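# Return atomic coordinates for the entry below.
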Amino acid sequence: MVIGHGSPVRWAAPDGPWTEPDLHLFPQDGHRYEIFDGSLHVTPPLDEPHGAVVRALVTTLRGAAPDGWWVCERLGIASGESNLIPDVAVLRPRSSGAIWADPADVALVVEVETPTSRRCDRLLKPALYADAGIESYWRIEPVPAPALHIYELGADGYGTARTIEGADLVKVDAPFPVRVAPSTWR
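Sure, this is the predicted structure:
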């Protein structure tokens, strides 16, 4: 990074792959800076409807979490050459508490789709989470009404376990028993 007196901030890319220390160069400006296999990925700031869905899901999961489990919004996960930031992560009891969570501590990751994250949330991030060995992946489509897609890790990556829509409470067993009603997450 080059900073001159009175000049705008200019960024310089590393000579090789991006690494976790490079992420500290970026401002806390609402963008999501992640590294996928050594390549930088930037997502624009998220809007209020997205935030409302994330907050509602966090409230739901925290309300059902057994003692010792952690439900975290935008917690980083370090896996190989990747530093990923899901919308929501659920950590098992006795997790390390590191700034970048170890995938072995993560029981569930959740992504809430936006128009700018749709392909990444459907294709790239599930592949990276599966490679990291994270057992459960949830993807929420917020429009027209939130729909929850639940995926479970198998030998070939994530397979769709089920899709839940509507305002009726439906029981989900992983990462712990919780009742969800996706259309109320607005």
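
# what's residue 120 sitting at in phi/psi?
Main-chain dihedrals, residue 120, degrees, to the nearest 10: phi -60, psi -40.

# Now do the same contact list for it.
41, 43 (C-beta atoms under 8 Å, 6 or more residues apart in numbering). C-betas here are computed from N, CA, C, even on glycine.

# Where is the longest helix in this structure?
Ranked by residue count and defined by DSSP state H, the top helix of the chain is helix 48-64.

# so after that one, what's the next helix or strand?
strand 70-73 (DSSP states H and E).

# could you say what helices and strands the very next helix or strand once past that following strand packs with?
Per DSSP H and E, the first helix or strand lying C-terminal to strand 70-73 is strand 76-79. For strand 76-79, the elements it packs on are strand 82-84, strand 100-101, judged by 3 or more C-beta pairs under 8 Å, 6 or more residues apart in numbering; DSSP states H and E.

# Any chance of the ones you listed in TSV with mean neighbour count as columns?
Formatted as TSV, the helices and strands packed on strand 76-79 follow (neighbours: other C-beta atoms under 10 Å):
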stretch	mean neighbour count
strand 82-84	24
strand 100-101	20
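
# For those, give me CSV that also has mean pLDDT and distance to residue 116.
Below are the helices and strands packed on strand 76-79 laid out as CSV (pLDDT from 0 to 100; distance: least, C-beta to C-beta, whole Å):
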stretch, mean pLDDT, distance to residue 116
strand 82-84, 97, 16
strand 100-101, 94, 24
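
# want to throw these into CSV with distance to residue 165?
Shown next, in CSV, are the helices and strands packed on strand 76-79 (distance: least, C-beta to C-beta, whole Å):
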stretch, distance to residue 165
strand 82-84, 27
strand 100-101, 30
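
# ok so, going back, just list what the longest helix of the chain packs against, helices and strands only.
By 3+ C-beta pairs under 8 Å, 6+ apart, helix 48-64 packs against strand 70-73, strand 88-91, strand 106-112, strand 178-180.
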